[in-house]
Structures are given as C-alpha cells and as structure tokens.
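Student: Build the 3D model from these lines:
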Amino acid sequence: MRWDIVSKIKSYPVSLIALLFFMGCAASGNNDGAQVKDTGPGAKLVQGVCSSCHKFSGQHESKFNLKGPDLMWGGVKYQRAWLERWLQGQEEPLYPNGYRWDQGGGVVKHMSVSKEEAVAVADYFEANLLDERVKKNAIDLSQFTEQERDFGAEIYKQFSCLGCHQIKEDGKKIGGPISADLFDSGNRYNVDWLHRFALNPQDFTPHSGEYLADLSELGVRYIVGYLMTLGVKDYKFYEPWKSEYFQKADATRGATVYKNYCTQCHGVEGKGDGPGAAGLDPKPAVHADLPLSDYPEDYLYNVIYYGGKTVGKSPNMPDWGLTIPPQDLADLIAYLKVTFKGAPEEASGS
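Tutor: Numbers count the residues shown, from 1 in each chain. You can find the predicted model right below:
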C-alpha cells in the first residue's frame, strides 16, 4: 500500500562490512582480489572454469566487450535455489539469441555441473560476490497488491521493456528476444538486486542497450513487484480489506473522513452536489442512490485508494491512497457501507 511503502533501506551490519573488507570483496564495482583467500571447491571452479567467460572482479563493462555477463555481484543477484538449478542445467537459457546476439550463432548451451559442485559455487557466490550498492530490505513487497501488479504490467509495456525482454501471455512468449527473458524472473532474481538494477541499469551494464526509464519511486515499486510475480505459482497478494485496520473500522470516525475528503464533490448527503461538482464532467457519483452497503470492500478500497480510472470510472475521482491513512480509509469504507443503501424505491424493490 502506498501509505506504507516508504522503502526500508538498511545498512549492512558493521561486523559484516568489516568481514567483507578483510576479504577484499565489499564492492563489486572495484572488487579485485575477491577470490584471494577462498581456496575451496567453489573457488576452484569459479577461478578455473567460469572465469573463462565471466568476470568476477574489476570494473563493469559493456556486454560488447564480454563473452558472458559480469558476475561480480552474482551473490546478491540470483536466488540460491534457481542458481543451483541453473548450474546443473535444469533451467532454460536466459538469452533467446545468446548473450552476444551481435555475433550470431544463437544460443550456446551453458556447461552444467554436479549437484555438489553447484552447491559449492553457490556458496562461493554468497560469500564473495557481493555489492554494497544493493541494500538488504531496500524494498518491501509484503503489502504488494494485485492492483499494483497490474500497474507494473502497464509500466512494463509503457516503457517498452517488451522491446528487448520476453514475458509470457496466455502461455505464449511475447517480446523482443534480445536481452534476458523475464517470464520466470520471480523465481530467479533477488528482489533487492532487481530494485537496485531498476534504479539505473547502466550502473551494471553500461553501453549495452539498457534503458533508463523515468520512473518515480512508486513506479519502480510497481515494476519490480510485477517482475517478482512472474513465474511464481499462486503468488500471494496483500489484501488490505482483510487487514487489522478493517477489523477495527468505525463508521462514526468514517463520517468525519467523508466530510473532510468526499463532500467537496459528492455532497454532504452524498447526492453528488458538492461545490466541486459544478465544473465536472462526468459528474460525481450520487452515493445516496447507490447500494454501497452491498458493494465488495475490495472494490470500494480500489476506487478510493487508486482512483476512479482503475475500476473503469471517472478519472476525476482522485487516488487518495497517499493522502488518507490506512485506518481512516477503513473507517471511511465502513461509513459508506452503513450509510448508503440505495434509493428508497430501489431498496423496496430489492
């Protein structure tokens, strides 16, 4: 919910920073010597095999100078379970036309390793390939709603992400097969890395065709949340109308909220005759004639929180989510449901 989504950016604990400093791998952008002290099986694989195509230290570069993606921040980029599957050859190729699509040749099958080797490499990633720019808990999606997911889907297309990244609609792949596919991104990426990448992709892949979109903080939340739902079976969305605020809702308090915010357009008695109504087309809804007592709470919540346009109603109805606190909004909906039960003739007919 937008009232509750101020990003919770936290610094790494001092002890962890000190540990990373002495290991020489605190910052991925300048992480030379990251593998100096690690001599385990994962280190041997990374240094002896993986480094033939991937960079694990130094400065980030354009993809057109590389054989495979930079992995200097691999320990904060990928979800561990996905990484282990990928290393064992159990996941689809990420780049439909190959990482270096400019060289032709299509997809090159990535080497696979045993389960034990995959675990060792994942251990190495988590211990060494960190990035201080990626803050833990930088974004909180515990209250991410289905409506916000829909906003993210709109942004994904509005900002032309579909031009380079494939997703799935109705089971079919759509979009340009240029960069990594994203139809399983919710099972692949760590949300904090995806959040930081969305703020400025050029910080990780400079001069590689990555697009820097003019997104607000909310826009970043919406698109990151949307991507984190892709491929996730039965993603559990937050349902505000089932929260503690609604369990404590009070219609008497809601009457005050209605007076403060709604009467200016909808009128004191909900007849659509507030002072703001004179200049509006379409006119405000006449609450007095609507059986709001029968309206689902999720509908009332969405139209108030996200605005009329989100439910196919007038765009003149503002999105009050950033303005009205959660408890006030729950109280307001309680007031609407106990006060407006439809026109008299409508009520008698029903």
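
Student: In contact with Lys173, which residues?
Tutor: Gln166, Ile167, Asp181, Phe183 (CB atoms under 8 Å, 6 or more residues apart in numbering). In this view, the C-beta of every residue, glycine as well, is placed from N, C-alpha and C.

Student: of all those, which comes closest to Glu126?
Tutor: Asp181 (24.3 Å; CB to CB).

Student: tell me the strands in this structure, going along the chain?
Tutor: Using DSSP state E, the strands found in the chain span residues 167-169, 172-174.

Student: how many neighbours does Glu146 have?
Tutor: 13 (other CB atoms under 10 Å).

Student: Identify the residue spatially nearest to it, adjacent ones excluded.
Tutor: Phe237 (4.4 Å; CB to CB, 6 or more residues apart in numbering).

Student: where does the spatially most central residue of the chain land on pLDDT?
Tutor: By CA atoms, centre = their mean, the chain has its centre lying nearest to Gly225, at 1.7 Å. With respect to pLDDT, Gly225 has a value of 98.

Student: Kindly report the same for the one 5 residues further on.
Tutor: Confidence per residue is given as pLDDT, and for Leu230 that number is 98.

Student: can I assume it is in contact with Arg188?
Tutor: No - when contacts are counted by CB atoms under 8 Å, Leu230 is not listed as touching Arg188 (9.1 Å).

Student: Pick out whichever of those two has more residues nearby.
Tutor: More crowded of Leu230 and Arg188, by other CB under 10 Å: Arg188, with 25 against 22.

Student: That one contacts Gln79, correct?
Tutor: Yes - the criterion here is CB under 8 Å, and Arg188 meets it with Gln79 at 6.2 Å.

Student: before we move on, back to that, any idea which of the contacts of Lys173 is closest to Asp273?
Tutor: Ile167 (46.4 Å).

Student: these two touch, right, that closest one and Gly231?
Tutor: No - using CB under 8 Å, Ile167 is not in contact with Gly231; the gap is 9.4 Å.

Student: Now do the shared contacts for these two.
Tutor: Joint contacts of Ile167 and Gly231 (CB under 8 Å, 6+ apart) are Phe183.

Student: neighbour count winner among those two?
Tutor: Ile167 (22 against 17).

Student: Which strand residues bridge the more buried one?
Tutor: According to DSSP bridges, the residues that bridge with Ile167 are Ile174.

Student: which residues touch it?
Tutor: So Ile167 contacts Tyr156, Lys173, Ile174, Gly175, Asp181, Leu182, Phe183, Leu230 (CB under 8 Å, 6+ apart).

Student: In contact with the third one: list those residues for me.
Tutor: For Ile174, the contacting residues are Leu162, Gln166, Ile167, Lys168, by CB under 8 Å, 6+ apart.

Student: can you check the last one too?
Tutor: Neighbour list for Leu230: Ile167, Lys168, Leu182, Phe183, Asp184, Ser185, Gly186 [criterion: CB under 8 Å, 6+ apart].

Student: close enough to count as contact, the fourth one and Thr229?
Tutor: No - counting by CB under 8 Å, Phe183 stays clear of Thr229, with 11.0 Å between them.

Student: Domain parsing of the protein, as residue ranges.
Tutor: Domain ranges of the chain: 2-229, 240-349, per automatic domain parsing.

Student: and the shortest one, what's its mean pLDDT?
Tutor: For domain 240-349, mean pLDDT rounds to 94.

Student: Contacts only, for the residue lying closest to Val108 once chain neighbours are set aside.
Tutor: Of all residues not flanking Val108 in the chain, Gly98 sits nearest, at 5.9 Å (CB to CB, 6+ apart). The contact partners of Gly98, taken as CB under 8 Å, 6+ apart, are Gly105, Gly106, Val107, Val108.

Student: Tell me the buried residues within the residues you listed.
Tutor: The neighbour-count test (16 or more other CB atoms under 10 Å) marks none of the contacts of Gly98 as buried.
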